[in-house]
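**Student:** how would this look folded up:
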Amino acid sequence: MPQWRGLMEHRGERNRALLVSVAQFDPGVTLKNRPGANKDTKKLHNVLSKLGFKVKIHNDLSADEIDQLFLKESRRPVNDCFLAVLSSHGEEGCVFGADGKPVQLSKIFSYFDNECMETKAKLFLIQACRGGALDDGVEVDSAGDSFSQQLCVPVDTAAMYATAPGYGAFMHPLGSVFLQTFCTLLKEEGNRNLELTRLLTRLSHRVAYTFQAKGRVLGGKKEMPCLVTRLTREVFPFAEPGKEGGAVAGLSATSLVDPESTRTRAPSIS
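**Tutor:** Residues are numbered from 1 along each chain as shown. Take a look at the predicted model:
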């Protein structure tokens, strides 16, 4: 057994996943409820638990509660990887709490720029709109915006958004195409042993090329995820024990750097 693994098991630490989802908003808040969000949370919990993550779920928190939760979680020990999912309505740079108030993502990211987390891999999945535009399937030029976002993401962190800056993200009563596809990939043979950026590239490809909305208003619209990364080494957070990749990287940030048939759904905007 490699020395690093013995030390990790001795400490009793595990990779952790924090799922924060807002499906119902407080009375008086004009934002629409998101019934599919609970489907996402249930599937994420099932898949990530089987991959050895210790999963925590928090539903329908206020903006301040979300902020304080991430502050607390950023200071808790973790084995090699911390994964966070934020699912709500949103605008560019923020998501909304159940009270309708914004949570600034740059502030959430900044909490993980600390001594406790500096040697760990950190992955954020953001299921939220980033504006009101709808994607017709053309390429989106967001390089300038992505560069500015990188400045607020800590080192050895990847933040994957369901959609490009300025665009809406789709939600269906059966779940979001972004998070449901992420779970599906992890359940398919071979994907969990991929290096993280390769896995997320497959996620982008699957969402961009196999999803198309249907319906009178949204019919034909597409969704293109957006990855912002400051990973410095290769990371294999989902690899099976003993598999090449997981063993090489030790699941540690310190050792970090095919189209299918189009599916159609009748989604709403997340």
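**Student:** would you mind listing where this protein has pLDDT under the threshold?
**Tutor:** Applying pLDDT under 70 to the chain flags residues 1-12, 132-151, 211-222, 241-270.
**Student:** can you give me the strands for it?
**Tutor:** Counting by DSSP state E, the chain has strands at residues 16-21, 54-59, 81-87, 90-91, 94-96, 102-104, 121-127, 157-161, 170-171, 211-213, 226-229, 263-265, 268-269.
**Student:** most tightly packed of these?
**Tutor:** Burial among the strands of the chain, expressed as mean neighbours by mean count of other CB atoms under 10 Å, is greatest for strand 170-171, which shows a mean of 28. In short, each C-beta sits where N, CA and C put it, glycine included.
**Student:** re the thing from before, mind putting the strands of the chain into CSV with distance to N46?
**Tutor:** Putting these into CSV (distance: least, CB to CB, whole Å) gives the following:
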stretch, distance to N46
strand 16-21, 11
strand 54-59, 9
strand 81-87, 13
strand 90-91, 25
strand 94-96, 23
strand 102-104, 26
strand 121-127, 16
strand 157-161, 20
strand 170-171, 19
strand 211-213, 22
strand 226-229, 24
strand 263-265, 21
strand 268-269, 24
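**Student:** what's the closest of these to D113?
**Tutor:** Closest to D113 of the strands of the chain, according to CB to CB: strand 157-161, at 8.5 Å.
**Student:** which strands and helices lie in contact with the closest one?
**Tutor:** Here strand 157-161 touches helix 105-110, strand 121-127, helix 196-210, strand 226-229, going by 3 or more CB pairs under 8 Å, 6 or more residues apart in numbering; DSSP states H and E.
**Student:** nearest to A158, of these?
**Tutor:** For A158, the closest of the helices and strands packed on strand 157-161 is strand 226-229, at 4.3 Å, according to CB to CB.
**Student:** run the chain-centre distance for the closest one.
**Tutor:** How far strand 226-229 lies from its chain's middle: 10 Å, per CA atoms, centre = their mean, to the nearest Å.
**Student:** spatially nearest residue to F124 (excluding sequence neighbours)?
**Tutor:** A159 (4.4 Å; CB to CB, 6 or more residues apart in numbering).
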